[in-house]
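*Asks:* what shape does this take:
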Amino acid sequence: YLPLHTLKNGHVDSVICLAFSKGGEFLASGGEDGKLVIWDIVKAQPLSRIHMKSPVLSLQWNLKSKSTLFCGCQDGTLVLIPDVNDTGTMFEVLTGVQAPVYCTDLHSSGRELAIGLGCEVHIAKEMTKFTYATFTVLPEPTALPRHDSDEDVDTDDVWVRARAISFFKNPRQLVVAYLNHGIICWDVRARSQLWLIIPSHRHRHIFQQDSSGHAVLSPDRRYILVSNLNNGLDLYPVGKSNILQSYRYHADADKNYPFTVGFLRDGEALMCGSPSGKVAVWNTKTGIHAQTLSH
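*Replies:* Purely as a prediction, here's the structure:
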């Protein structure tokens, strides 16, 4: 990978989340400064700016439209922007809850929206054009069993936090990576667990409180990539708790950050952030480090 653009003059504080539109024409960025910026990738310039009332935590494009975007904020605001070229029109997603919107995922049909909202996971449905409302809330997950290595680790932190969320094979199946409760695949209609992955790393936390990293499903939906908050990434087969492959970097032990992870080239490679601000790229199958992108 080679540098293409450096996008400037968008934010005045840390960037929290990024998302490309379908086809890559636009890039949305959300920041600690409460700004949502839509970038024109061809011109490498801001197309529009929206000032939200709190930090922007999650962004989700509608893949059936290249210009429709969902934006979730720390104060519980979750809005649908029908056209990022006309940012004066926004529709609130009706959840009935005011809590941080940590993560969202829109099913490929565009009709169901999954929301990690505070300590709850909501499924919202499109009621009318541009109007989404919660129609079901998933039950609270059960606590993970204690492990021998948990003796000197604080296991009293039982906060329920969805840190990554993704529809699986159909809108009835939803995979949720929790802060303290492993990775669960839910049957949305029955509101029951289909399978559970218990992280193998020592503290079993997928994400640290008030951070914005995430696990991610592979493009073929056969694997899940997880940042282990210790020394790198672990790759799990769907529905199983055994690690298939690990990808390591030299982390700063005093900085326990949950870095954003992702797959590249249809799953042939994967990437992750690092404590130094660089991005590491690995070969998925061999685990060999392929490249480091400087920042």
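
*Asks:* might you report the residue contacts of residue 221?
*Replies:* Neighbour list for residue 221: 168, 169, 238 [criterion: Cβ atoms under 8 Å, 6 or more residues apart in numbering]. Where you see a C-beta, it was placed from the backbone N, CA and C, and this is true even at glycine.

*Asks:* let me know the helix or strand that the nearest residue to residue 45 once chain neighbours are set aside is in.
*Replies:* Nearest non-adjacent residue to residue 45, counting by Cβ to Cβ, 6 or more residues apart in numbering: residue 39, 7.1 Å away. According to DSSP states H and E, residue 39 maps onto strand 35-40.

*Asks:* so for that strand, what gets flagged as buried?
*Replies:* 35, 36, 37, 38, 39 (16 or more other Cβ atoms under 10 Å).

*Asks:* CSV for these, including distance to residue 52?
*Replies:* Formatted as CSV, those follow (distance: Cβ to Cβ, whole Å):
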residue, distance to residue 52
35, 7
36, 6
37, 11
38, 13
39, 17
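
*Asks:* against residue 9, how distant is the residue nearest to residue 45?
*Replies:* Separation of residue 39 from residue 9 (Cβ to Cβ, to the nearest Å) stands at 11 Å.

*Asks:* same thing with residue 291?
*Replies:* 28 Å.

*Asks:* quick one on the thing from earlier: can you name the residues that contact the residue nearest to residue 45?
*Replies:* Taking Cβ under 8 Å, 6+ apart as the criterion, residue 39 is in contact with 7, 10, 26, 27, 28, 29, 45, 46, 47.

*Asks:* select from these the one having the most neighbours.
*Replies:* Within the contacts of residue 39, neighbour counts (other Cβ atoms under 10 Å) peak at residue 28, which reaches 25 neighbours.

*Asks:* wait, doesn't it sit right on residue 38?
*Replies:* Yes - Residue 28 is within contact range of residue 38, at 5.6 Å (criterion: Cβ atoms under 8 Å).

*Asks:* overlap in contacts of these two?
*Replies:* Counting by Cβ under 8 Å, 6+ apart, the residues touching both residue 28 and residue 38 are 69, 84.

*Asks:* where does the nearest residue to residue 76 once chain neighbours are set aside land on pLDDT?
*Replies:* Among residues not flanking residue 76 along the chain, residue 98 sits closest, at 3.8 Å (Cβ to Cβ, 6+ apart). Reported pLDDT at residue 98 in the predicted model: 92.

*Asks:* likewise for residue 162?
*Replies:* Note on residue 162: pLDDT of 88.

*Asks:* same question for the one 10 residues further on.
*Replies:* Among the per-residue scores, residue 172 holds a pLDDT of 92.

*Asks:* ok, it - how many residues close by?
*Replies:* Residue 172, neighbours per other Cβ under 10 Å, totals 16.

*Asks:* what do you get for the one 5 residues further on?
*Replies:* By the other Cβ under 10 Å criterion, the neighbourhood of residue 177 contains 28 residues.

*Asks:* measure it to residue 43 for me?
*Replies:* Computed as Cβ to Cβ, the residue 177 to residue 43 distance reads 36 Å.

*Asks:* coming back round to it: adjacent strands (with direction) for the strand holding residue 39?
*Replies:* strand 26-31 (antiparallel), strand 45-51 (antiparallel) (DSSP bridges).

*Asks:* and those as a markdown table, adding distance to residue 281 and mean pLDDT?
*Replies:* Output for those, formatted as a markdown table (distance: least, Cβ to Cβ, whole Å; pLDDT from 0 to 100):
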| stretch | distance to residue 281 | mean pLDDT |
| --- | --- | --- |
| strand 26-31 | 19 | 95 |
| strand 45-51 | 27 | 92 |
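
*Asks:* please state the mean pLDDT value computed over the one helix or strand residue 133 maps to.
*Replies:* For residue 133, the host element (DSSP H and E) is strand 131-137. Taken as a whole, strand 131-137 has an average pLDDT of 96.

*Asks:* name the helices or strands packed onto that strand?
*Replies:* strand 120-128 (3 or more Cβ pairs under 8 Å, 6 or more residues apart in numbering; DSSP states H and E).

*Asks:* who does the strand it packs on touch, helix- and strand-wise?
*Replies:* Under the contact criterion of 3+ Cβ pairs under 8 Å, 6+ apart, strand 120-128 touches strand 112-117, strand 131-137, strand 173-178.

*Asks:* buried set for the second one?
*Replies:* When neighbours are counted by 16+ other Cβ under 10 Å, the buried residues of strand 131-137 are found to be 132, 133, 134, 137.

*Asks:* got a list of what the last one touches?
*Replies:* So the one you mean is residue 137. By Cβ under 8 Å, 6+ apart, the contact list for residue 137 reads 120, 121, 122, 123.
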